[in-house]
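Asker: Next comes the sequence, and after it the predicted model I'd like to discuss.
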Amino acid sequence: MATNRTRRRATPGSRGGSRKPPRATDNTRPLAIALAVAVIAVIAWLVITAKAQGNGDNDRPAIPDASALETANVPKGMPEELLRYKGFTVSFNPKTHQPNWVGWELLASEADGRHPRTQSFAPDLDVEGCATPQDYRYSGFDRGHMAPAGDMKWDAQAMDESFLMTNICPQAGDLNRGAWNKLEEKCRQRARRDSAVVIVCGPVFGKTGASMLIGPTGVAVPQGFFKVVLSPYADPPRAIGFLMPNGPVPGGMQNCAVSVDSVESVTGIDFFSALPDAVEKEVESQCDFHRWSTGKR
């Protein structure tokens, strides 16, 4: 089983190198003293201002690392095997033969990766109950990525692992190549604007379970799909949810926008529980598609 990836966020580098000031002569000493007094006054003002601003920053709750945010808590009794790949985490359900959810962080620097798209769907042979590519053949359903290949172009291994069947669900072509695909691109836009997003998505089954089974493995076909998107480092943090039918999506993704609370109510899955309570309550109640789509504060 693959281990968690570790990323180091870039920090601004200090500017190296300095020149020694010229030695002051008797004629320039008064000017040098005046300049020194002015510099000291400016530094003192900057320190006071920074402390004043810092007091406000200290009041802001700390946001946990993305590795804690990209995981979710499934309802009691739901089968689950947690799989950690290089670019994403999967809660795999051996009974439905697909994920309960898939979560990942997408950095702005990763949204425009250059690794070519892999086309080799394959089972994860270490996972019991994993479907095979053949299960989808002649089924009428696409092999729908949860963590999209387009988000994994930053690394060859992450790209290859996104084609493992543990990351795949039966999706109608109208959805997979339509509104779902457009939502994936919109999430990449948000990553570029907000420095990073954390995304969790997966299938939605009705109270009666799967609408049908496909392939020799008996892969369950969902009635719909969910996606929740968090911008944890935006100021302030923001989030939104989506619930889409497994088929045509009249009106596009904007008609499917809901709060994260609404997605939790439908799926029974608890998202972003690692956030401070006040932040979690605020972001999970939001649903402003226009503001989220345009990036307005």
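Answerer: Sure thing, it's come through. Numbering: from 1, shown residues only.
Asker: Just want the most central residue of this structure.
Answerer: residue 198 (2.1 Å; Cα atoms, centre = their mean).
Asker: Tabulate the CA atom coordinates of the helix or strand containing that one in PDB.
Answerer: Here residue 198, judged by DSSP states H and E, is contained in strand 196-204. Extracted as PDB, the C-alpha positions of strand 196-204 are listed here (Å, rounded to 0.1, in the frame of the first residue of the first chain):
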ATOM      1  CA  ALA A 196      -4.800  25.300  -2.800                       C
ATOM      2  CA  VAL A 197      -8.100  23.500  -2.600                       C
ATOM      3  CA  VAL A 198      -9.100  20.300  -0.800                       C
ATOM      4  CA  ILE A 199     -11.600  18.200  -2.700                       C
ATOM      5  CA  VAL A 200     -13.600  15.100  -1.600                       C
ATOM      6  CA  CYS A 201     -16.000  13.400  -3.900                       C
ATOM      7  CA  GLY A 202     -17.800  10.100  -4.400                       C
ATOM      8  CA  PRO A 203     -20.900   8.200  -5.400                       C
ATOM      9  CA  VAL A 204     -24.400   8.700  -4.000                       C
END
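Asker: Show me what the residue nearest to the centre of the chain is bridged to.
Answerer: Applying DSSP bridges to residue 198 yields these beta-bridge partners: residue 105, residue 230.
Asker: Pull the contacting residues for it.
Answerer: 66, 69, 70, 103, 104, 105, 106, 229, 230, 232, 272 (Cβ atoms under 8 Å, 6 or more residues apart in numbering). Backbone N, C-alpha and C define where each C-beta goes, glycine included.
Asker: ok, now with 7 Å
Answerer: Shown in contact with residue 198 (Cβ atoms under 7 Å, 6 or more residues apart in numbering): 66, 69, 70, 105, 230, 232.
Asker: Can you tell me which member of the residues you listed has the lowest pLDDT score?
Answerer: pLDDT across these is lowest for residue 66, at 89.
Asker: I'd like to know how many residues surround it.
Answerer: Residue 66 has 22 neighbours, counted by other Cβ atoms under 10 Å.
Asker: and the gap between the residue lying closest to it once chain neighbours are set aside and residue 153?
Answerer: Nearest residue to residue 66 in three dimensions, chain neighbours excluded: residue 105, at 3.7 Å (Cβ to Cβ, 6 or more residues apart in numbering). Per Cβ to Cβ, to the nearest Å, residue 105 is found 15 Å from residue 153.
Asker: These two - which one has more neighbours?
Answerer: residue 105 (23 against 20).
Asker: separation between that one and residue 195?
Answerer: According to Cβ to Cβ, residue 105 stands 11 Å off from residue 195.
Asker: Residue 146: what's it in contact with?
Answerer: Contacts of residue 146 (Cβ under 7 Å, 6+ apart): 99, 102, 167, 169, 201, 202.
Asker: May I see the residues you listed organised as a markdown table, with distance to residue 84, neighbour count and pLDDT added?
Answerer: Compiled in a markdown table, the contacts of residue 146 are given as follows (distance: Cβ to Cβ, whole Å; neighbours: other Cβ atoms under 10 Å; pLDDT from 0 to 100):
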| residue | distance to residue 84 | neighbour count | pLDDT |
| --- | --- | --- | --- |
| 99 | 13 | 26 | 98 |
| 102 | 11 | 29 | 98 |
| 167 | 12 | 28 | 98 |
| 169 | 19 | 28 | 98 |
| 201 | 17 | 27 | 98 |
| 202 | 16 | 26 | 98 |
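Asker: For residue 291, what is the enclosing helix or strand?
Answerer: Secondary structure assigned from DSSP H and E places residue 291 in helix 289-294.
Asker: what helix or strand is the closest residue to residue 70 other than its chain neighbours on?
Answerer: Computed as Cβ to Cβ, 6+ apart, the closest residue to residue 70 that is not its neighbour in sequence is residue 103, at 3.5 Å. Take DSSP H and E as the rule and residue 103 turns out to sit in strand 98-107.
Asker: cool, residue 278 as well?
Answerer: helix 277-284.
Asker: I would like the residues contacting that helix, please.
Answerer: Applying Cβ under 7 Å, 6+ apart, the contact partners of helix 277-284 are 61, 230, 237, 238, 239, 259, 260, 261, 272, 273.
Asker: likewise stretch 112-119?
Answerer: Among residues not part of stretch 112-119, those counted as contacts by Cβ under 7 Å, 6+ apart are 149, 153, 154, 155, 156, 159, 160, 163.
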